[in-house]
Every structure is written in structure tokens, then in C-alpha cells.
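Asker: sequence and predicted structure below; questions after.
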Amino acid sequence: MKKIYTYLLATIILSNTIHAQVIGFSKKAHIISAGIEQNGFTRLFNLGTPIHAKYEYFLTDLFSAGFKAGYYRFSINQFINTAQNIQTYNYTDIHTGLFSQFHFLNIAKKKDKKFDIYLGTNIGVDFPSFYTSSSVSYFSNPQFNSSLYLGTRVLFFNKIGAFLELGYNNVLNNYSSFNNYYVYYYSLGVLYKF
């Protein structure tokens, strides 16, 4: 009789361990994602689309953390006095940051294997450069930023999926006239889980 209970207990533990390994968004999962992003600044002036990539690791079923890097560039032509005198403004921004996320659906005992809703926060540094066609450079100092966002993602297959995030971004710099354009953003893209 003891052997039966031992086998039964071992089967339950083993099946729970195997089941935990196939859960989509849970402890020890690694996720790489890439996407596009729009914020108030880029939308207001129709200035192109920033791109970014992220690496994320699930520390527990409820919390994950990772690293984010992004790139953004645009140019504007401005007519000075006459149409023949054109000044070109070029802006480039490289963003790096660390983020953490809290996963709501993993609170419940029945985890969804393919769907995730999360609240995240990001702290980072932007390295912008803003220069004119006459080689005058502006805004070249690093700018610290933080953001708070709500996101959702879904796996279409066991390892490939998509995500959408809506958030608020605050850039901490000395150029207050530009801060209001960084109020909100949305981000969407694809992900790979391994």
C-alpha cells in the first residue's frame, strides 16, 4: 500500500513539474521582443517611428525584469526667408533602459498558457543628438527618463506571439518646452519565447 501512495505522490509531483514547464508566461521563461513605438512628440509632428528591442526574464511567476534598447531618427527641412535657403534639422536618439513587470493573470491558480496582462515600469537614459545642416549641434547631453505602462501579449504558437503596450513617459531634461510631447506612448510588435 505504501508503494502505491509513493507512486501516486511521485506521479502528481512529476505531472505538476512537467505542466509548469509548458506554461507560456511563467518562472524562468525568456522573451525577446522587437517593435515600433509612437509617442506624443512623434505623433504631433508626424516624425517617423522609433524602433526598439527587449530582453525579458521571468524571475517568478508574478515578476519579470529585463533590458530595453531603442533607436529613433528623423530629419526636417525648414525654409528660411526664401524657398532657396533651406535648413535641415536632424535628430537621432539612442535609448537604453531597465524594466520590471508585474503579471496579473499569474495570480490566479489557473494560468493562461498563451495570454498575459502586465503592469510595467522602465527607467532609462536617452542619448540624443540634434544638429543642423550647418553642423550646429544641440541637446547632446544624456537625458534620464522613466515610464509606467500597461501591456498585453498573446502567443499564436508555443514560442511566437505579439504584444501591445500603452504608457506614460517622462523625460527628465533641461528643455522643458519638449517635455509635454512625451506624455503618452504606445508600442506594438512581435515576440519570441524560449
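Answerer: Yes, it's here. Numbers count the residues shown, from 1 in each chain.
Asker: each with direction, which strands does the host helix or strand of Y186 pair with?
Answerer: Using DSSP states H and E, Y186 sits within strand 184-193. Strands adjacent to strand 184-193 in the sheet, as given by DSSP bridges, are strand 30-39 (antiparallel), strand 160-172 (antiparallel).
Asker: who touches the longest one?
Answerer: In this case it means strand 160-172. Strand 160-172 is contacted by residues 33, 35, 39, 114, 120, 126, 143-156, 178-179, 182-193 when judged by Cβ atoms under 8 Å, 6 or more residues apart in numbering. In this view, the C-beta of every residue, glycine as well, is placed from N, C-alpha and C.
Asker: save the strands paired with strand 184-193 as JSON lines, and put in mean pLDDT and distance to Y72 too.
Answerer: Converted to JSON lines, the strands paired with strand 184-193 look like this (pLDDT from 0 to 100; distance: least, Cβ to Cβ, whole Å):
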{"stretch": "strand 30-39", "mean pLDDT": "91", "distance to Y72": "8"}
{"stretch": "strand 160-172", "mean pLDDT": "87", "distance to Y72": "13"}
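Asker: so for A53, which of those sits nearest?
Answerer: Across those, A53 has its closest neighbour in strand 30-39 (4.6 Å, Cβ to Cβ).
Asker: show me where the protein has strands.
Answerer: 30-39, 51-58, 63-80, 82-103, 115-132, 137-138, 143-155, 160-172, 184-193 (DSSP state E).
Asker: now mean neighbour count and distance to G24 too, for the ones you listed, in CSV please.
Answerer: CSV is the format used below for the strands of the chain (neighbours: other Cβ atoms under 10 Å; distance: least, Cβ to Cβ, whole Å):
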stretch, mean neighbour count, distance to G24
strand 30-39, 18, 10
strand 51-58, 18, 10
strand 63-80, 15, 13
strand 82-103, 14, 11
strand 115-132, 17, 7
strand 137-138, 12, 45
strand 143-155, 17, 5
strand 160-172, 16, 8
strand 184-193, 17, 7
